[in-house]
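Q: below is the sequence, then the predicted model.
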Amino acid sequence: MAEMGLVDIHHSVVETEATNRGYERGLIDLAERGVDIIVMDADLAGSSGTGEFRKRFPDRFLDIGLCEQDMMGTAAGLALAGKCIFITTHGMLAAGKAWDIIRSTICYGSLNVNICGADAGLSAGAAGGSRQSLEDVAVMRTLPGMTVIVPTDAVEAKKATLAAARIPGPVYADRRVSTGRETT
């Protein structure tokens, strides 16, 4: 075709990575640049995109466990102390279980807390239906001062993570898994 001056319009399928890989690369990039971040996780480091960060920066990683309300309150306190916080939990648990704490402490205080809603949409895989969330973006958009970001692939997830660190006030990143899904 090239010898005839024609352009091949058939593209090969490009395999992309899951958004959690871009999120993790963004967190590591921020830490390596010297940004004073703390990553908090709800016992999901193996699948959420925080496992490598935990290995490389153990003094900046807190595994709070399955206590989303406590995690949000702790994050608020650390943000008041000047830290840039990144929280990782299931989108359903952030938007549902911890919504009132996010509203009354993080949003009303306009604190620099970045919440990553993992496994949003219908992509919770082995975590099951109780972790699926279609309403998380709508719920988070109602909060005062909350910036909502929805990256669709690993490249956008990294860019969103880097941007979230610079946005003043709270940020919610709904991380719907695109491809390369790993079990939770």
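A: That came through, no problem.

Q: so after the helix or strand of the chain with the lowest mean pLDDT, what's the next helix or strand?
A: When the helices and strands of the chain are scored by mean pLDDT, DSSP states H and E, helix 45-48 comes last with a mean of 68. Heading C-terminal from helix 45-48, the first helix or strand you meet, by DSSP states H and E, is helix 51-56.

Q: just checking, what packs against that following helix?
A: helix 19-32, strand 37-41, strand 61-63 (3 or more CB pairs under 8 Å, 6 or more residues apart in numbering; DSSP states H and E). Yep, even glycine has a C-beta here, placed from its N, CA and C like the rest.

Q: out of the ones you listed, which is closest to residue 172?
A: When these are compared by CB to CB, helix 19-32 sits nearest residue 172, at 13.2 Å.

Q: which of the residues in that closest one are buried?
A: Using 16 or more other CB atoms under 10 Å as the test for burial, helix 19-32 gives 19, 20, 21, 22, 23, 24, 25, 26, 27, 28, 30, 31.

Q: which of those sits closest to residue 52?
A: residue 24 (5.6 Å).

Q: give the contact list for the nearest residue to the closest one once chain neighbours are set aside.
A: Closest residue to residue 24 apart from its sequence neighbours, by CB to CB, 6 or more residues apart in numbering: residue 49 at 3.9 Å. By CB atoms under 8 Å, 6 or more residues apart in numbering, residue 49 lies in contact with 19, 20, 21, 22, 23, 24, 27, 88, 116, 118.
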